[in-house]
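**Q** give me a model of this one.
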Amino acid sequence: MRRRSLIKIFIAIMGINSGCTTNNGGQKNGTQTETATQENLKIGETATLPEGGSITVSNLNVQDSIIANQSAFLTVERGNNIHFIVIDVESTADIELKSFNMSRDKDVVAPPENQYSVEPVCRSCEGQCIAIPVASDPGDVSSIVYEEKQDIKATWELSKEQKSALGNVSDLRLKSAEIVTSKESITIEFTVENLSKYDGKFLALVGTESTVDSDLPIGFSVPGNSEVTKERIPKNLNIKNSEGLVLEEPIDESTRRFVIK
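**A** Modelled structure (predicted):
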């Protein structure tokens with residue numbers, strides 16, 4: 001674990017709802033400051049880098065899973081005791097995903113897994129959606145840090161509400177998935193239960209055996225303490241014959257990738 005002293009940072013008072021069903025605190029608007037010093041950035045503000053260029057971090061929320069864009073293919077990323085801070089990053093400078101880390105109290109720590117470029121299924125991003133994995137027990141996580149070669153360039157402080165959201169993430173369980181066909185369409189009916197009191201979004205990939213690397217992302221909201229059944233149409237999969245289609249087994253409560261055979 002890398003530990004380095006952070007520059008002094010100040011608290012940003014902002015609100016956030018947990019899960020990824022809303023655009024949470026930190027979304028930019030016309031009343032916010034266009035630029036700020038790296039010592040006191042708030043989510044939604046812009047850092048001017050010493051070498052030139054700028055970075056804006058906005059629209060922060062917390063998710064229990066993401067659909068990661070791994071260059072040529074998509075994957076659903078979930079993990080035991082891991083959640084994701086997803087931010088919208090706009091930059092006029094060349095940046096790398098690994099340059100965004102979290103701080104705990106006043107020390108920078110590497111995330112428990114690699115950072116991800118995110119397919120914005122449940123939200124939109126003005127720039128690039130980036131996900132930073134964090135432990136489900138956030139402890140003293142305090143800010144987002146941008147650094148280059150162990151040199152901290154800017155920090156964005158999390159508010160009290162944003163910090164608490166790290167531990168308040170939905171618990172989604174797949175109950176069933178079934179192909180429903182008609183002369184007009186092919187749909188998949190999903191039933192998902194949310195065992196927590198926090199709203200969340202069920203994220204998954206749908207593909208065929210012949211399109212493993214071009215699966216289509218789907219998503220829908222699941223309120224806390226509820227069960228939701230939704231049908232989703234797997235478009236652009238070039239399925240010409242709907243007779244005898246089935247979903248590849250096995251399928252259990254943690255399945256997030258569905259292959260049509």
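**Q** distance of the closest residue to F220 other than its chain neighbours relative to E178?
**A** Distances taken as CB to CB, 6 or more residues apart in numbering put K230 closest to F220, at 4.7 Å, once the chain neighbours are dropped. The C-beta positions use only the backbone N, C-alpha and C, and glycine is treated the same way. Going from K230 to E178 by CB to CB, to the nearest Å gives 12 Å.
**Q** so which of those two has more stuff around it?
**A** K230 (16 against 13; other CB atoms under 10 Å).
**Q** bridging residues for the more buried one?
**A** Beta-bridge pairing for K230 (DSSP bridges): F190.
**Q** quickly list what's touching both of K230 and E178.
**A** E189 (CB atoms under 8 Å, 6 or more residues apart in numbering).
**Q** before we move on, back to that, I figured the residue nearest to F220 was touching I188, is that so?
**A** No - contact criterion CB atoms under 8 Å: K230 and I188 do not qualify, at 9.2 Å.
**Q** return the distance of stretch 148-161 from the chain's centre.
**A** 18 Å (CA atoms, centre = their mean, to the nearest Å).
**Q** go on, stretch 193-212?
**A** Centroid separation for stretch 193-212 versus its chain: 13 Å, with CA atoms, centre = their mean.
**Q** ok, stretch 57-71 next?
**A** Worked out by CA atoms, centre = their mean, stretch 57-71 lies 2 Å from the chain centre.
**Q** average pLDDT across it?
**A** Per-region confidence: stretch 57-71 scores 89 on mean pLDDT.
**Q** before we move on, what about stretch 172-182?
**A** 92.
**Q** any regions of this structure where pLDDT drops low?
**A** Residue ranges of the chain with pLDDT under 70: 1-39, 136-139, 210-214, 235-238, 240-241.
**Q** tell me where it has helices.
**A** Assigned by DSSP state H, the chain shows helices spanning 160-165.
**Q** residue contacts, E178?
**A** I188, E189, L247.
**Q** surely the last one meets I188?
**A** Yes - counting by CB under 8 Å, I188 is a contact partner of L247 at 7.4 Å.
**Q** looking at the two, which one has more neighbours?
**A** I188 (20 against 16).
**Q** so that one touches T229, yeah?
**A** No - I188 is beyond contact range of T229, at 11.3 Å (criterion: CB under 8 Å).
**Q** identify the spatial nearest neighbour of R257, chain neighbours not counted.
**A** Per CB to CB, 6+ apart, closest to R257 is L205, 4.7 Å.
**Q** my read: that neighbour touches I260, true?
**A** No - using CB under 8 Å, L205 is not in contact with I260, being 11.4 Å away.
**Q** overlap of the contact sets of these two?
**A** Going by CB under 8 Å, 6+ apart, no residue sits against L205 while also sitting against I260.
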